[in-house]
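*Asks:* generate a structure from the sequence data that follows.
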Amino acid sequence: MSDAELVLRSTRVVTPEGTRAATVTVSAGTITAVLPYDAEVPAGARLEDVGDHVLLPGLVDTHVHVNDPGRTEWEGFWTATRAAAAGGITTLVDMPLNSLPPTTTVDHLRIKQAVARDKAHIDVGFWGGALPDNVKDLRPLHDAGVFGFKAFLSPSGVDEFPHLDQDRLAQSLAEIAGFGGLLIVHAEDPHHLAAAPQHGGPKYADFLASRPRDAEDTAIAALIAHARRLDARVHVLHLSSGDALPSIRAARAEGVRVTVETCPHYLTLTAEEVPDGASEFKCCPPIREAANQDLLWTALADGTIDCVVTDHSPSTADLKTDDFATAWGGISGLQLSLSAVWTEARRRGHTLEDVVRWMSTRTAGLVGLDRKGAIEAGRDADFAVLAPDETFTVDPAALQHRNRVTAYAGRTLYGVVKSTWLRGERIVADGVFTEPKGTLLSRTH
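*Replies:* Residues are numbered from 1 along each chain as shown. Sure thing, here's the model as predicted:
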């Protein structure tokens, strides 16, 4: 007699050792074994045979703006986590800004946790924020379980989350390095941004010129210099400039502890195809040219870029005006991230194993979630069931996030998520959701 309660079987299970036909046993929300495909189903266990659909570990998205509380009309834990679940994401880590209050003190963290607790369809963790005036709050936030600290090196777009100048960056990073924490950074240099042409209006080319690559390159070089001097651990958020990659590679080679993410929109959308006035494509740093995109894919393939996350940053539709200078910047991509990345990855000759490494294993590793990110014994039984060769056309009305604006509208994507499982429970299948079953995660638990 086995204590297995659930058995999932597929001809294609993505495991750390590769993709193979397998039988996965689950007990008390934990994977207990990955067995041969024809293994006998333990007595009393329920068998879920997904046939030729691919069984993936649930994705871990470490860059999501839920905006709740305070700007809940922009998004919210209920809608964001439903969108994530529909896209095969079983864990997200919420960014500290765009909510009111921002997650910059322990009291503010407790407020956000209280709001999220009964609304989360998936597991949720939290980043803290590093501001010019909250160095004293960083260690208490770390001790309270945030996974690290976000800072901006240029204006964030919201007044309650000011950016760090180089002196304040050094001060915050020294404090964080002192307790072994992680600083994650929106790296654009404000001086380069101020010097760039600022025309405003509906032309995407003008907006692109206003956020030049050298703003990213300079800020990343400065961040690397601080990390080298302090032996600090830093992470570059939403890299869009391929020109920064040589300095990142060089820093890694000399032992600087720097990791890097990019996003589905930088990997699948190009500046050449953005229509004028279409601010659903606006984000900072911006979607750049196709040749730049090729550099990002090369860096993903060679490991210079560690992972892919959504940077889901929604707003109400009225803030997406046709003036790129004043429209809110942010791409809403939670539900579509797996399919968007897989569509381009397969075209470029990558495998689902690659996608899992970028969007689940390495993101879980970034924040130390050692129970997430792989299908192997001892991990949480978090799964996405994917039909990788099926296609769908993106219909904004079918999306779960609150304001159904999307840069992917009308695109045909490969990869249909058939169901998503959280700790051995199916939380969505064919668009039908259970009640929220997510838990709040902490770096210390």
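*Asks:* confirm Asp217 sits in a strand?
*Replies:* No - secondary structure of Asp217 (DSSP: H, G, I helix; E, B strand; the rest coil): helix, not part of a strand.
*Asks:* so what's it closest to, chain neighbours aside?
*Replies:* In this structure, Asp217 finds its nearest non-sequential neighbour in Ala244, 4.7 Å apart by CB to CB, 6 or more residues apart in numbering. Placement of C-beta: from N, CA and C, glycine included.
*Asks:* and what of Pro101?
*Replies:* Sequence neighbours aside, His108 is the residue nearest to Pro101 in space, at 4.3 Å (criterion: CB to CB, 6+ apart).
*Asks:* and for Ala327?
*Replies:* Spatially, and ignoring its direct neighbours in sequence, Ala327 is nearest to Ser279 (3.6 Å; CB to CB, 6+ apart).
*Asks:* got the phi and psi for that neighbour?
*Replies:* phi -80, psi 0 (degrees, to the nearest 10).
*Asks:* swap in Gly18?
*Replies:* According to degrees, to the nearest 10, Gly18 has phi 130, psi -180.
*Asks:* mind listing the strands for the stretch 1-150 of the chain?
*Replies:* Counting by DSSP state E, counting those that start in this stretch, one finds strands in the stretch 1-150 of the chain at the ranges 6-15, 18-27, 30-36, 46-49, 54-57, 59-64, 89-94, 123-126, 128-129, 149-152.
*Asks:* is it possible to get TSV of those that adds distance to Trp421, mean pLDDT and mean neighbour count?
*Replies:* Listed next are these as TSV, based on distance: least, CB to CB, whole Å; pLDDT from 0 to 100; neighbours: other CB atoms under 10 Å:
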stretch	distance to Trp421	mean pLDDT	mean neighbour count
strand 6-15	8	98	21
strand 18-27	9	98	19
strand 30-36	11	97	18
strand 46-49	9	97	13
strand 54-57	9	98	25
strand 59-64	12	98	29
strand 89-94	8	98	30
strand 123-126	12	98	25
strand 128-129	30	98	28
strand 149-152	30	98	26
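*Asks:* now the ones you listed as TSV including distance to Gly431?
*Replies:* What follows is the strands of the stretch 1-150 of the chain, written out as TSV (distance: least, CB to CB, whole Å):
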stretch	distance to Gly431
strand 6-15	20
strand 18-27	24
strand 30-36	26
strand 46-49	18
strand 54-57	19
strand 59-64	18
strand 89-94	15
strand 123-126	21
strand 128-129	35
strand 149-152	33
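*Asks:* closest to Val158 out of those strands?
*Replies:* Val158 sits nearest to strand 149-152 of all the strands of the stretch 1-150 of the chain, at 9.8 Å, using CB to CB.
*Asks:* which residues touch the residue lying closest to Ala177 once chain neighbours are set aside?
*Replies:* Among residues not flanking Ala177 along the chain, Ala232 sits closest, at 3.8 Å (CB to CB, 6+ apart). By CB atoms under 8 Å, 6 or more residues apart in numbering, the residues touching Ala232 are 173-174, 176-177, 183, 226, 257.
*Asks:* is it possible to mark the buried ones in those residues?
*Replies:* 173, 176-177, 183, 226, 257 (16 or more other CB atoms under 10 Å).
*Asks:* closest to Ala83 among these?
*Replies:* Of all the buried ones among the contacts of Ala232, Ala83 sits closest to Leu183, with 27.8 Å by CB to CB.
*Asks:* so that closest one lies in a helix, does it not?
*Replies:* No - Leu183 sits outside any helix when classified using three-state DSSP, being strand.
*Asks:* about what we covered before: and the furthest pair within the contacts of Ala232?
*Replies:* Pairwise across these, and taking CB to CB, the largest span is found between Ala174 and Arg257, at 14.4 Å.
*Asks:* isn't Val66 right up against Trp74?
*Replies:* No - assessed by CB atoms under 8 Å, Val66 is found out of contact with Trp74, at 9.0 Å.
*Asks:* tell me which of the two has more neighbours.
*Replies:* Val66 (33 against 25; other CB atoms under 10 Å).
*Asks:* where does pLDDT dip in the stretch 301-445 of the chain?
*Replies:* For the stretch 301-445 of the chain, the stretches flagged by pLDDT under 70 are 445.
*Asks:* ok, now how distant is the residue nearest to Ala177 from Arg348?
*Replies:* Distance from Ala232 to Arg348, counting by CB to CB, to the nearest Å: 34 Å.
*Asks:* cool, and Ala244?
*Replies:* From Ala244 to Arg348 the distance is 21 Å (CB to CB).
*Asks:* of the two, who's got more company?
*Replies:* A count of neighbours by other CB under 10 Å puts Ala244 above the other of Ala244 and Arg348, at 25 against 13.
*Asks:* can you give me the strands for the stretch 151-300 of the chain?
*Replies:* In the stretch 151-300 of the chain, the strands defined using DSSP E, counting those that start in this stretch lie at 182-186, 233-236, 258-262.
*Asks:* let me have these in TSV, extended by mean pLDDT and distance to Leu164.
*Replies:* Converted to TSV, these look like this (pLDDT from 0 to 100; distance: least, CB to CB, whole Å):
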stretch	mean pLDDT	distance to Leu164
strand 182-186	98	9
strand 233-236	98	13
strand 258-262	98	17
